[in-house]
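J.: here you go, sequence then predicted model.
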Amino acid sequence: MSCCQHIKPNCLTYCFLIIASLAVISHPANAADRPPNVVVIFIDDMGYGDIGPFGAEGYETPNLDRMAKEGRKFTDFYVTQAVCSASRAGLLTGCYNVRVGILGALGPKSNIGINANEVTIAEVCKRQRYATACYGKWHLGHHQKFLPMQHGFDDYFGLPYSNDMWPYHPGVADLPMEERLKRWPHLPLIDKNKVINGRVTGEDQEQLTTQYTERAVSFINKNKEQPFFLYVPHSMVHVPLYVSDKFRGKSARGLFGDVMMEVDWSVGRILDALRTNEIDDDTLVIFTADNGPWLSYGDHAGTAGPLREGKGTMFDGGCRESTIMWWPGTVPAGTTCSEPAMTIDVLPTVAELCGGQLPDHKIDGRSILPLIKGEPSAKSPHEAYFMYYGKELQAVRMGKWKLHFPHGYRTLDGRPGGVGGTPTNYSQAKIPLALFDLESDIGEKTNVAEQNPDVVDRIKRLADDMRADLGDSRIKQQGVGGRPPGRI
């Protein structure tokens, strides 16, 4: 007689319940029982036409090509401002960067950064017991109180600001080192809150893309059993360009193409890690960039493709980014979304996905989950997006329309950029009040304001409301809705 035969029926049932409970505890939760992981891959200074799915030439991006075939292209996806720190502030806080007081590109002498009162995507996720990490360029303040570990991230490895903010910057290349260091100190590499390399060299920069990628893959492997938020803001393809031996000399586009091929390799490694750990169906991956190409660097810069101008302007070449969303089984494969969206919408979208609460203070973004999922008839959740440069409201995107208010801007005016990592000088130009139909005129070439006065008036009214909130330096109007940055 077996031992089970001595157990009464009700006891036997109880034993089976215990065994079943232990089985549930010993295995990871089903996908339906846990919120999705989120990965944001944020490229620096990448042009609209710099990846295969958006028309890149001279090199291949097979991993991004596959990501687009398995996911959804966003053709009208914007950043808040076409410059490094301002763009990152918009992404991570869900706010126009003017609202949170972060403008331009913070340098090693800046004494401001992201305010502790702001709530980042990582903090929204952290409150839902997500693991969080940032591997790459931070650029929201280099003092410890501003670094990622103080703003919701469990781990951080990377540069605190742009990789050209060092004593080898082309602007000081002809000066003695002693004089260079007065302008640009040595570039630090940070692990968590500690500087582990106080004098980053060119050889060190060659390994950054690989190091960020290895850290990201290790984080995924370590946290496959729990939901996580992973932010990978690459230092490349910001100048100066550096690439590892794996891709040096591999493209027909020169060094820039080599670097883009390595960026594509990094995306492939991250997606492969999700597939290998069988959590790809549980993970939303967003691939985009912080602003358009730095055109003055010529053969070391990317291309805005059909878009006008580049980094440092609020024409679409500066602020409209080639974007791919990937989430097998949830994002419809091989599809395209042409509805306007912006990085400010990422935080509320992630909050909806993870069941997190939005910040108590005002944010500007709204969830774009219906657009990501490709729901029938899904539309942008905003009537319009507002495009500041500095504190000047320069343009508004409303549906297919984009209205520029009179403003100055930098341009190469058809001239080629620099060669070999040395930039050429921009010219200055001005645009009058100008309305563009982006459906028929993606390059913002033909002003149709006179033919569409009602559209112009409607956008002007929206702009007036935004000026009351966030101000406009062009007309010297102060807004009431701005918040201060953090300060030392």
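T.: Happy to help now that I have it.
J.: CA atoms for contacts and neighbours, from now on please.
T.: Fine.
J.: Met398 bridge partners, please.
T.: Assessed by DSSP bridges, Met398 has beta-bridge partners Trp401.
J.: and it, how many neighbours?
T.: By other C-alpha atoms under 10 Å, the residues close to Met398 number 19.
J.: now do the one 3 residues further on
T.: Using other C-alpha under 10 Å, Trp401 has 18 neighbouring residues.
J.: how about Gly136?
T.: Number of residues near Gly136 (other C-alpha under 10 Å) recorded here: 29.
J.: any idea how far it lies from Ser427?
T.: Distance, Gly136 to Ser427, using C-alpha to C-alpha, to the nearest Å: 32 Å.
J.: all the helices of the stretch 101-250 of the chain, in order from the start?
T.: For the stretch 101-250 of the chain, the helices defined by DSSP state H, counting those that start in this stretch occupy 121-126, 177-183, 202-206, 208-222.
J.: pull out the buried positions in the second one.
T.: In other words, helix 177-183. Arg180 (16 or more other C-alpha atoms under 10 Å).
J.: now do stretch 400-413
T.: Residues of stretch 400-413 classed as buried: 400-405, 407, 409-412 (neighbour count, 16+ other C-alpha under 10 Å).
J.: and if you look at stretch 440-460?
T.: 442-444, 447, 449, 455-456, 459.
J.: let me know the closest of those residues to Asp360.
T.: Ile459 (28.7 Å; C-alpha to C-alpha).
J.: how much space separates that closest one from Ala384?
T.: Distance of Ile459 to Ala384, computed by C-alpha to C-alpha: 8 Å.
J.: overlap in contacts of the two?
T.: 396, 398 (C-alpha atoms under 8 Å, 6 or more residues apart in numbering).
J.: gap between the longest helix that the chain contains and the chain center?
T.: Secondary structure of the chain per DSSP state H: the longest helix is helix 255-276. Remark: helix 255-276 is offset 16 Å from the chain centroid, using C-alpha atoms, centre = their mean, to the nearest Å.
J.: before we move on, what about stretch 448-461?
T.: So, by C-alpha atoms, centre = their mean, the centroid of stretch 448-461 is 32 Å from its chain's centroid.
J.: cool, and stretch 153-168?
T.: So, by C-alpha atoms, centre = their mean, the centroid of stretch 153-168 is 16 Å from its chain's centroid.
J.: show me what counts as buried in that stretch.
T.: By neighbour count on 16+ other C-alpha under 10 Å, the buried set for stretch 153-168 is 153-168.
J.: quick check: the farthest pair among those residues?
T.: Asp154 and Tyr168 (32.1 Å).
J.: tally of neighbours for Gly55?
T.: Per other C-alpha under 10 Å, the neighbour tally for Gly55 reads 12.
J.: was I right about it contacting Gly49?
T.: Yes: the criterion here is C-alpha atoms under 8 Å, and Gly55 meets it with Gly49 at 5.4 Å.
J.: where are the low-confidence patches of the chain?
T.: Along the chain, the parts satisfying pLDDT under 70 run over 1-32.
J.: show me the domain layout of it.
T.: Per automatic domain parsing, the domain ranges recorded for the chain read 31-377, 387-487.
J.: which of these is buried the deepest?
T.: Burial of the domains of the chain is given as mean neighbour count (mean count of other C-alpha atoms under 10 Å); domain 31-377 ranks first at a mean of 21.
J.: any idea how far it is from the chain center?
T.: Using C-alpha atoms, centre = their mean, the offset of domain 31-377 from its chain centre is 4 Å.
J.: one more: stretch 368-387?
T.: The answer for stretch 368-387 is 18 Å, by C-alpha atoms, centre = their mean.
J.: C-alpha coordinates for that stretch, CSV please?
T.: Taking Å, rounded to 0.1, in the frame of the first residue of the first chain, the C-alpha atoms of stretch 368-387 are listed here in CSV:
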residue,chain,number,x,y,z
ILE,A,368,-0.6,57.5,-27.1
LEU,A,369,-1.2,53.9,-26.4
PRO,A,370,-4.1,53.7,-28.9
LEU,A,371,-1.6,54.9,-31.6
ILE,A,372,1.0,52.4,-30.5
LYS,A,373,-1.5,49.6,-30.6
GLY,A,374,-2.7,50.7,-34.0
GLU,A,375,-6.3,50.9,-32.9
PRO,A,376,-8.8,51.8,-35.7
SER,A,377,-9.3,55.5,-36.1
ALA,A,378,-6.9,56.3,-33.3
LYS,A,379,-5.9,60.0,-33.4
SER,A,380,-3.3,62.2,-31.7
PRO,A,381,-4.5,63.0,-28.2
HIS,A,382,-3.4,66.7,-28.7
GLU,A,383,-5.0,69.4,-30.7
ALA,A,384,-1.6,70.8,-31.2
TYR,A,385,2.1,70.6,-30.2
PHE,A,386,4.1,73.7,-29.3
MET,A,387,7.7,74.1,-30.5
